[in-house]
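**Student:** Need coordinates for the following:
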Amino acid sequence: MSDTLIIIPTYQEAENIRSILTYIYNLPKEFHVLVIDDNSPDQTASIIKSMRLEYPGRLFLIERPGKLGLGTAYITGFKWAIEHDYDYVFEMDADFSHNPNDLIPIYEACKNGQADMVIGSRYIKGVAIVNWPMGRLLLSYYASHYVRMVTRMDIRDSTAGFVCLSSRLLKKINLDKIRMKGYGFQIEIKFKAWKLGFKIIEYPIIFINRELGSSKMSGGIMSEAVMGVIHMKISSFRANYIKHISN
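**Tutor:** Predicted coordinates:
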């Protein structure tokens, strides 16, 4: 039994999913993977089902009826991970923008550094992004700057989607109260962990834009994140955050 579950949400990732899973399962540490597929029309789920025969007890699949949002996929995965007693849980994309070779050092930073959240950060050492259009790079970089300004969190990459979380953090957060469903979810989960006083570390990664498939980013997703941060900050004044006390 592995102590670590990787959650990978998918929608039309048939070109990438077999390669990313094979890569993960060839790493020297044993990871389990839960794929949450939102009814991909390209047979992503069928590929995963066939691969479960190759990796029994290590690969799991939840199929949902349609595109229900990145945040709801991760919340579903977090609850599943808690029910199945994993100690550490990863958020990760299927398209190799997150390098699987970073999984072990991020895991070790979380476990040995006694942190409850380790962020695979694109901005902790300058800007480490390859093959993004300049417009999207600037949007992402200044979005994180905007989040720091509004929330006062000392996190350089608040929109990062490559994250390791401890189960004790996930158990303390009220997952049903998370409001943002798109990429704003990444900001909100970090903000709640910070408000609760959990230790957060940023680990430097190089983010490489996908080569296969298409991005799921949209203007509506970004609008939700921008307005959601303001609402999240205002709501935090009324919330009763009981600080986590480290052992």
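**Student:** Could you use CA atoms for every contact and neighbour count after this?
**Tutor:** Fine.
**Student:** what about Glu54, neighbour count?
**Tutor:** As a burial measure, Glu54 scores 12 neighbours (other CA atoms under 10 Å).
**Student:** Let me see the residues that make contact with stretch 195-210.
**Tutor:** Here stretch 195-210 makes contact (CA atoms under 8 Å, 6 or more residues apart in numbering) with 95-99, 102, 106, 109-110, 114-125, 128-132, 155-156, 169, 193-194, 241-246.
**Student:** Now do the contacts for the spatially most central residue of the chain.
**Tutor:** Centroid-nearest residue in the chain: Glu91, 3.0 Å away (criterion: CA atoms, centre = their mean). Listed by CA under 8 Å, 6+ apart, the contact partners of Glu91 are 6-8, 74, 161-164.
**Student:** If you rank these by neighbours, which is first?
**Tutor:** Counting neighbours by other CA under 10 Å, Cys164 comes out on top of these with 29 neighbours.
**Student:** mind listing what that residue touches?
**Tutor:** 88-91, 106-107, 110, 116-119 are the contacts of Cys164 under CA under 8 Å, 6+ apart.
**Student:** Export those residues as TSV, with columns for distance to Leu59.
**Tutor:** Listed next are the contacts of Cys164 as TSV, based on distance: CA to CA, whole Å:
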residue	distance to Leu59
Tyr88	16
Val89	14
Phe90	14
Glu91	15
Ile106	21
Tyr107	19
Cys110	23
Asp116	24
Met117	23
Val118	23
Ile119	24
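**Student:** Kindly reformat those as TSV containing distance to Ile200, secondary structure and pLDDT.
**Tutor:** Formatted as TSV, the contacts of Cys164 follow (distance: CA to CA, whole Å; DSSP: H, G, I helix; E, B strand; the rest coil; pLDDT from 0 to 100):
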residue	distance to Ile200	secondary structure	pLDDT
Tyr88	14	strand	98
Val89	14	strand	98
Phe90	14	strand	98
Glu91	15	strand	98
Ile106	12	helix	97
Tyr107	13	helix	97
Cys110	9	helix	95
Asp116	6	coil	96
Met117	5	strand	98
Val118	6	strand	98
Ile119	8	strand	97
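**Student:** Out of those residues, flag the one nearest to Gly66.
**Tutor:** Glu91 (19.9 Å; CA to CA).
**Student:** Report the beta-bridge partner residues of that closest one.
**Tutor:** Ile7, Val163 (DSSP bridges).
**Student:** how far away is it from Ser2?
**Tutor:** 16 Å (CA to CA, to the nearest Å).
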